[in-house]
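Chemist: Here's a sequence, model it:
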Amino acid sequence: KNFPLNLAYAATIHKAQGATLDRVMADLRNLWDAGQAYVAVSRVRRPSDLTLSGWSEKSVRMDESVRTFYAGLRSAK
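Modeler: As a prediction, the model looks like this:
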């Protein structure tokens, strides 16, 4: 008997950092570090190649030093 199979791969966000991938399905639940959501969504060339699951506002975390830096830029204007 034959079964129709599609070859697939999985990697952690950390493992995929720096890579450019053809297609990404990113599960953004349970992220614990600043920048993980950015790394996950920025691995593809086109938004159409990205599928997200588990997204919420709490998925996107910013390091406090980044927040301070941009606040300084705004106040310098």
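Chemist: how many neighbours does residue 43 have?
Modeler: 20 (other Cβ atoms under 10 Å). Just so you know, the C-beta spots here come from the backbone N, C-alpha and C atoms, and that holds for glycine as well.
Chemist: and it, which of the three is it?
Modeler: What DSSP: H, G, I helix; E, B strand; the rest coil gives for residue 43 is coil.
Chemist: Please renumber the chain so that the first residue is 16 from this point on.
Modeler: All right, first residue 16 from here; so that's residue 58.
Chemist: Break down the chain into its strands, ranges please.
Modeler: Taking DSSP state E as the test, the strands found in the chain are 39-42, 65-68.
Chemist: so can I have a markdown table of these showing mean pLDDT?
Modeler: Output for the strands of the chain, formatted as a markdown table (pLDDT from 0 to 100):
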| stretch | mean pLDDT |
| --- | --- |
| strand 39-42 | 93 |
| strand 65-68 | 95 |
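Chemist: With respect to burial, which of the ones you listed scores highest?
Modeler: strand 39-42 (a mean of 16; mean count of other Cβ atoms under 10 Å).
Chemist: Tell me how far that one lies from the chain's centre.
Modeler: Relative to the mean C-alpha coordinate of its chain, strand 39-42 is positioned 8 Å out (Cα atoms, centre = their mean, to the nearest Å).
Chemist: mind saving the C-alpha coords of that strand as CSV?
Modeler: Output of strand 39-42 as CSV, limited to C-alpha atoms (Å, rounded to 0.1, in the frame of the first residue of the first chain):
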residue,chain,number,x,y,z
VAL,A,39,7.3,29.0,7.6
MET,A,40,4.5,28.0,9.9
ALA,A,41,5.3,29.6,13.2
ASP,A,42,3.5,28.8,16.5
